[in-house]
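[1] this one's sequence-less:
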């Protein structure tokens, strides 16, 4: 059976960030993730994890000025120094928070050979740096409707990058919402690429809300993960329709959340 985690950036937004760990624990979550720890004291985040006995399964590398609309820059050669600085900042937080994995999308960039080679260089650095810290690295393909110009927008493209980097510490973060929005069939993706997938995030499509609010067959999806032997985390990364605590009906009825 897969393991369920809560994304605290998108869930429990009716509460201040550090209180979301407590609310998630009240709802039975023993593992959490979030977009970014930066700007908060790492010790405060670790205290929230510790008091709730929660595992931190993932956070993101810095992606630039998020509030101004930046969504990553790993494939832009003129931003390589920024990438290295962001990696160093992520490592400083990882040494306190001990995440299972750190993620980054590629961000938008011209779809050129130079951009792809920049991805290879930067992800090679990150994979080896994080391996030395005992932390995995994943790349998340992002659809081009939500992030126009995203350099890595599909799972096959991400796997091409993995093969070029050639580091076992580097895998795919599979976001079901982004995959479907990019035109992929999730069941074909699972059948072909599940061994390369290290982390999964889910939301229904369209709307990016909880299961049952869109068109996706989540019973079939979770059955496919079980049949494929997936043992990683599946994080709930959706905008709840209604209060967060009322959005877990599917997971409780399926026995995925107590």
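    Great, that's in hand. Just so it is clear, the structure is predicted and the values come from calculations on it, not from any experiment. Residues are numbered from 1 along each chain as shown.

[2] where along the stretch 1-150 of the chain do the strands fall?
    3-7, 31-33, 55-60, 101-104, 136-139 (DSSP state E, counting those that start in this stretch).

[3] each with direction, which strands does the fourth one pair with?
    Sheet pairing of strand 101-104 (DSSP bridges) gives strand 55-60 (parallel), strand 136-139 (parallel).

[4] just so I know, which of these lies nearest residue 148?
    strand 136-139 (18.4 Å; Cβ to Cβ). Using the backbone N, CA and C atoms, a C-beta is placed for each residue, glycine as well.

[5] list the buried ones in that closest one?
    By 16 or more other Cβ atoms under 10 Å, the buried positions in strand 136-139 come out as 136, 137, 138, 139.

[6] among those residues, which one lies nearest to residue 2?
    For these, the nearest to residue 2 is residue 138 (16.3 Å; Cβ to Cβ).

[7] so what's the closest residue to that closest one other than its chain neighbours bridging to?
    Spatial nearest neighbour of residue 138, excluding adjacent residues (Cβ to Cβ, 6 or more residues apart in numbering): residue 173 at 3.9 Å. For residue 173, the beta-bridge partners are residue 199 (DSSP bridges).

[8] correct me, but residue 173 touches residue 201?
    Yes. If you go by Cβ atoms under 8 Å, residue 173 and residue 201 touch, sitting 6.9 Å apart.

[9] common neighbours of those two, please.
    Residues touching both residue 173 and residue 201 (Cβ atoms under 8 Å, 6 or more residues apart in numbering): residue 140.

[10] re the thing from before, so which of the strands paired with strand 101-104 is nearest residue 10?
    Nearest of the strands paired with strand 101-104 (Cβ to Cβ): strand 55-60, 12.7 Å.

[11] could you tell me how far that closest one lies from the centre of the chain?
    8 Å (Cα atoms, centre = their mean, to the nearest Å).

[12] end to end, how far does stretch 171-185 reach?
    20 Å (Cα to Cα, to the nearest Å).

[13] longest helix of the chain?
    Secondary structure of the chain read by DSSP state H shows that its longest helix is helix 113-132.

[14] show me what the helix or strand containing residue 234 packs onto, helices and strands only.
    For residue 234, the element it lies in under DSSP states H and E is strand 233-236. Judged by 3 or more Cβ pairs under 8 Å, 6 or more residues apart in numbering; DSSP states H and E, strand 233-236 is in contact with strand 3-7, strand 31-33, strand 55-60, strand 197-202.

[15] next one: residue 90 relative to residue 246, how far apart?
    Residue 90 sits 34 Å away from residue 246, taking Cβ to Cβ, to the nearest Å as the criterion.

[16] quick one, which of the two is more surrounded?
    residue 90 (27 against 10; other Cβ atoms under 10 Å).

[17] could you pull up the residues touching the nearest residue to that one once chain neighbours are set aside?
    Nearest in space to residue 90, with sequence neighbours left out and distances taken as Cβ to Cβ, 6+ apart, is residue 61 at 5.0 Å. Shown in contact with residue 61 (Cβ under 8 Å, 6+ apart): 83, 86, 87, 90, 102, 103, 104, 126.

[18] buried members of those residues into ChimeraX, please.
    Buried residues within the contacts of residue 61, by 16+ other Cβ under 10 Å, are selected in ChimeraX with:
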select :83,86,87,90,102,103,104,126
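
[19] closest to residue 190 among the contacts of residue 61?
    residue 103 (19.0 Å).
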